[in-house]
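**Student:** Coordinates only, no sequence provided:
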């Protein structure tokens, strides 16, 4: 029989498809500069927390789902807003949605071993199974501090004062921030008054809390819509996404709005606690320019039982629509006396504060408080001969620089294309390149190329011939003086840069 010709189309069909490289929606990659800036910021926050006598603790990213509890504001999504998997023992586990619920589990599990009041701080990523959008991510970092086992308002006052001190430690001036405080017991009284008390109305209360929490974002009219039937993002029916409201009648909605506008008198336990709080602030010289009582602060999570507070930045930024808006909240927290007792059945009062690290970083960039990365790119040791014993000599140079605490790297690409090595150094921003060919090696010499000075000199050179003749920023030294000469040149570059 005649041989069949191979079908090229058949080969294409059988060829495995290459996966498309793509980032999941609602997640971001982080650059070296972002990571270093974040580390620097976290270190400053940590200094304040440590000064207040808090100790670090770390919990895993996964918790058993029933231990996290159903406290998320976004309960209308699958898995109640969390990412969940079933373990091989058929128990559900979820990625943590905040750092507070895992702390409650940790305290309950170790209640006989830890010293109460237990003062701790934690930094880590949290995850929300929410619809992503501009500025709304599914993974973000929080930095929390909590006091567990302290029932008095002085613990709440200390949280607020610590947050004010943290803002200033980060370089945010007075007048550019305020810590706003309220008592959820006052709002609970209003909820009772409009007929939303009791367990049967828990879901609607949560919808009301979520609506009030959007006051700074949508204004009074936006909150009025969310307290009623709901709100269209586009401003009119059928435009944009629709957010279902709490379905309150007009009278109920107006009572809530009056409360937010301060048209109420604080009585009973809520009023007494806020008065004590104000007195502590006054005694410690924290004026209303730093911390103030504000009835519109409610926080969107159901587990808060008393004081709630929010750190707000007051300066203006331009949003994605080109409008000038106040930057807004960068963190918040409150008292959650019932979270630990879910596990233990015993009353364990607690209060805490959470900073949104990514959002605070954006704020500091807007204020020019982060600056450029202070990390210098490495000194590059170029490779003129990548075979035999020469390679070991180049690596020894790199190690000698590193042992002298100088950041350094040896070129690891194709050494035969030397021009590419200098292009690599230039693109990476290396301050210095070291060059040693066979002739220099025989004479115990090294060529130092000052890439910063070389870039400046090269701007005035018009031709390749002139560039080759002048070799801008390049000079020869004794190999034995490498560390001393590199240190000296780096110091000169730093002086000129400063």
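**Tutor:** Sure, I can see it. Just so we're clear, the structure is a prediction, and the values are computed from it rather than from any experiment. Numbering: from 1, shown residues only.

**Student:** Against residue 476, how distant is residue 279?
**Tutor:** Going from residue 279 to residue 476 by CB to CB, to the nearest Å gives 73 Å. All C-beta atoms are positioned from the backbone trio N, CA, C, and that covers glycine.

**Student:** Phi first, then psi, for residue 115.
**Tutor:** phi -100, psi 120 (degrees, to the nearest 10).

**Student:** Just want to check the distance between it and residue 132.
**Tutor:** Distance from residue 115 to residue 132, by CB to CB: 41 Å.

**Student:** One more: residue 284?
**Tutor:** For residue 284, the distance to residue 132 - CB to CB - is 41 Å.

**Student:** correct me, but residue 332 touches residue 352?
**Tutor:** No: assessed by CB atoms under 8 Å, residue 332 is found out of contact with residue 352, at 10.0 Å.

**Student:** measure residue 176 to residue 354 for me?
**Tutor:** Applying CB to CB to residue 176 and residue 354 gives a distance of 20 Å.

**Student:** and what of residue 397?
**Tutor:** 48 Å.

**Student:** Quick one: residues contacting the nearest residue to residue 120 once chain neighbours are set aside.
**Tutor:** In space, residue 120 comes closest to residue 57 once its chain neighbours are excluded; the distance is 4.3 Å by CB to CB, 6 or more residues apart in numbering. For residue 57, the contact set (CB atoms under 8 Å, 6 or more residues apart in numbering) comprises 103, 106, 120-122.

**Student:** Now, of those, which are buried?
**Tutor:** 103, 106, 120-122 (16 or more other CB atoms under 10 Å).

**Student:** Make TSV out of the residues you listed and add pLDDT.
**Tutor:** TSV is the format used below for the buried ones among the contacts of residue 57 (pLDDT from 0 to 100):
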residue	pLDDT
103	95
106	96
120	97
121	97
122	97
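
**Student:** In strands, which of these fall?
**Tutor:** Among the buried ones among the contacts of residue 57, DSSP state E puts 120-122 in strands.

**Student:** Closest one to residue 26 out of those residues, please.
**Tutor:** Set against residue 26, the nearest of those by CB to CB is residue 122 (22.6 Å).

**Student:** so the closest one touches residue 59, yeah?
**Tutor:** Yes: using CB under 8 Å, residue 122 makes contact with residue 59 at a distance of 6.9 Å.

**Student:** quick one: common contacting residues for these two?
**Tutor:** Joint contacts of residue 122 and residue 59 (CB under 8 Å, 6+ apart) are 99, 103.

**Student:** Show me where the chain dips below the pLDDT cut-off.
**Tutor:** For the chain, applying pLDDT under 70 flags the ranges 1-14, 70-80, 135, 262-268, 300-302, 319-321, 371-374, 458-472, 498.

**Student:** Scan it for its longest helix.
**Tutor:** helix 32-51 (DSSP state H).

**Student:** What are the contacting residues of that one?
**Tutor:** 30, 56, 121, 123, 141, 143, 145, 162, 165-166, 169-170, 355, 357-358, 360-361, 364, 370, 372-375.

**Student:** ok, of these, which come out buried?
**Tutor:** 121, 123, 141, 143, 145, 162, 165-166, 170, 355, 357-358, 360-361, 364, 370, 373.

**Student:** Restricted to strands, list those residues.
**Tutor:** Those of the buried ones among the contacts of helix 32-51 lying in strands (DSSP E): 121, 123, 141, 143, 145, 355.

**Student:** Next, work out how far apart the fifth one and residue 49 are.
**Tutor:** To tie it back to what came earlier, the one meant is residue 145. On the measure of CB to CB, residue 145 and residue 49 end up 5 Å apart.

**Student:** got the buried residues for stretch 105-118?
**Tutor:** In stretch 105-118, counting by 16+ other CB under 10 Å, buried: 105-108, 111, 117-118.

**Student:** cool, stretch 202-215 as well?
**Tutor:** Here stretch 202-215 shows 204-215 as buried, counting by 16+ other CB under 10 Å.

**Student:** now do stretch 428-448
**Tutor:** Here stretch 428-448 shows 430-436, 440-441, 446-448 as buried, counting by 16+ other CB under 10 Å.

**Student:** which residues does the nearest residue to residue 230 once chain neighbours are set aside contact?
**Tutor:** Among residues not flanking residue 230 along the chain, residue 245 sits closest, at 3.8 Å (CB to CB, 6+ apart). Applying CB under 8 Å, 6+ apart, we find residue 245 in contact with 207, 211, 225-231.
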